[in-house]
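[1] here are the coordinates; sequence isn't available:
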């Protein structure tokens, strides 16, 4: 049995997720269990810096990377004992992501984190795949296929919504996975204009009215028409979903964005003709209004898929759990990025390792 700590901070900047998980393999099949978890809110000054990271100079970004990594290390050492885990899988914080131009950047000083926690660290998961011509994202579908293959698919409602389509027959390496559209980043933007960090259960969106002009704009954002595989960068979300979007009352923006997100997700599920339960995690899984709207859109499309919201611990920590697993696969020298998902020239063992491999 392997015990690995996963570290995840999403694009919505709603905090740091830490998850210690156990993994075991028998007869080629993986099983896993979440053992210990912690969620740590970012200090407001760190939120402010991370939200503007794409505009920093190289020196400023390097300093911020160390500040962010020190915060991660302090959080780990505060909440867990050193003997609770053997390895850290560290996603880092995405600043730039434009794989079509050949670059992606998740800041996170793996060497500093390793030194402060006295544990080996796997980090920088995406750049190998991008170097091989892939999207470098999403990466969690590999974990979905190996750990959650009892479902027809897995839907993550984070800052960006992404979907894993798990094959039920044939080669599991034909797994599909892709970003669908912006999600909590946009919803949080409108909620914050109303004085809230986020729209609790979608209550504010329920009070708004769908704005036809804004909905048409959202549904015609150029990225949506691109073929799969594809991934969506934070900077693109900011430019097209927020900066260039027609201005409306925030409550109407919430209602309209919710309708757009639900429609895009239902279309993606229907396009791949998923049959059975789709497991939903990520912060948006707590948005009951959004979940209801996705269900309505699926019914309108006569989809054979149904939405299953995961239990709260899995909703909150599934991504951290899966990056722990991807870090483990890296150390076991098992391919953890698959070309069928990202469009790379081949599968790869991705992630940089700092420290001694605990499993060699």
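    Received it, and whenever you're ready, just let me know what you need. Small disclaimer: the values here were computed from a predicted structure and weren't measured.
[2] So for the closest residue to residue 332 other than its chain neighbours, what's the pLDDT?
    Counting by C-beta to C-beta, 6 or more residues apart in numbering, residue 359 is the residue found nearest to residue 332 once chain neighbours are left out, at 5.9 Å. For the C-beta atoms, the positions are set from N, CA and C on the backbone; glycine is no exception. Residue 359 is assigned 97 on the pLDDT scale.
[3] Quickly find the element holding residue 359.
    With elements delineated by DSSP states H and E, residue 359 resides in a region that no helix or strand encompasses.
[4] separation between it and residue 262?
    Using C-beta to C-beta, to the nearest Å, one gets 42 Å for the distance from residue 359 to residue 262.
[5] Compare these two (neighbour count), which wins?
    Neighbours per residue, other C-beta atoms under 10 Å: of residue 359 and residue 262, the larger number sits with residue 262, 22 against 14.
[6] Now do the nearest residue to residue 167 once chain neighbours are set aside: how many residues are near it, please.
    Closest residue to residue 167 apart from its sequence neighbours, by C-beta to C-beta, 6+ apart: residue 174 at 5.2 Å. With neighbours defined by other C-beta under 10 Å, the count for residue 174 comes to 14.
[7] now residue 174: how far from residue 93?
    Counting by C-beta to C-beta, the gap from residue 174 to residue 93 is 31 Å.
[8] got it, and residue 261?
    Using C-beta to C-beta, one gets 23 Å for the distance from residue 261 to residue 93.
[9] same question, residue 263
    29 Å.
[10] Which one's more surrounded, the two?
    Counting neighbours by other C-beta under 10 Å for residue 263 and for residue 93 shows that residue 93 has the greater number, 25 against 20.
[11] Bridge partners for that one, pull those for me.
    Taking DSSP bridges as the rule, residue 93 bridges to residue 107.
[12] In contact with the nearest residue to residue 127 once chain neighbours are set aside: list those residues for me.
    Leaving aside its chain neighbours, residue 127 sits nearest to residue 104 (6.1 Å; criterion: C-beta to C-beta, 6+ apart). Counting by C-beta atoms under 8 Å, 6 or more residues apart in numbering, residue 104 touches 94, 96, 97, 98, 126, 127, 130, 136, 137.
[13] Please render the residues you listed as TSV that adds secondary structure and distance to residue 314 to the earlier fields.
    Supplementary listing: the contacts of residue 104 in TSV, determined by DSSP: H, G, I helix; E, B strand; the rest coil; distance: C-beta to C-beta, whole Å:
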residue	secondary structure	distance to residue 314
94	strand	22
96	strand	30
97	strand	25
98	strand	31
126	coil	23
127	helix	28
130	helix	29
136	coil	25
137	coil	21
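[14] got the contact list for the closest residue to residue 119 other than its chain neighbours?
    Among residues not flanking residue 119 along the chain, residue 88 sits closest, at 5.4 Å (C-beta to C-beta, 6+ apart). Counting by C-beta under 8 Å, 6+ apart, residue 88 touches 4-7, 76, 113-114, 117, 119-122, 327.
[15] Residue 241 now?
    Contacts of residue 241 by C-beta under 8 Å, 6+ apart are 182, 185, 186, 189, 218, 221, 257.
[16] just residue 254 next, same as before
    By C-beta under 8 Å, 6+ apart, the residues touching residue 254 are 187, 190, 191, 199, 202, 204, 205, 208.
[17] Not counting sequence-adjacent ones, nearest residue to it?
    Nearest non-adjacent residue to residue 254, counting by C-beta to C-beta, 6+ apart: residue 205, 3.8 Å away.
[18] Make sure the one you found is actually in contact with residue 194.
    No: with contacts defined as C-beta atoms under 8 Å, residue 205 does not count as touching residue 194, sitting 10.6 Å away.
[19] can you list residues touching both of these two?
    residue 251.
[20] Looking at these two now, which is surrounded by more residues?
    Higher neighbour count among residue 205 and residue 194: residue 205, with 26 against 15, using other C-beta under 10 Å.
[21] Just the element for that one, please.
    Here residue 205, judged by DSSP H and E, is contained in helix 203-207.
[22] Check which element follows that helix along the chain.
    Counting by DSSP H and E, what follows helix 203-207 is helix 212-219.
[23] and that following helix, average pLDDT?
    Helix 212-219 carries an average pLDDT of 98.
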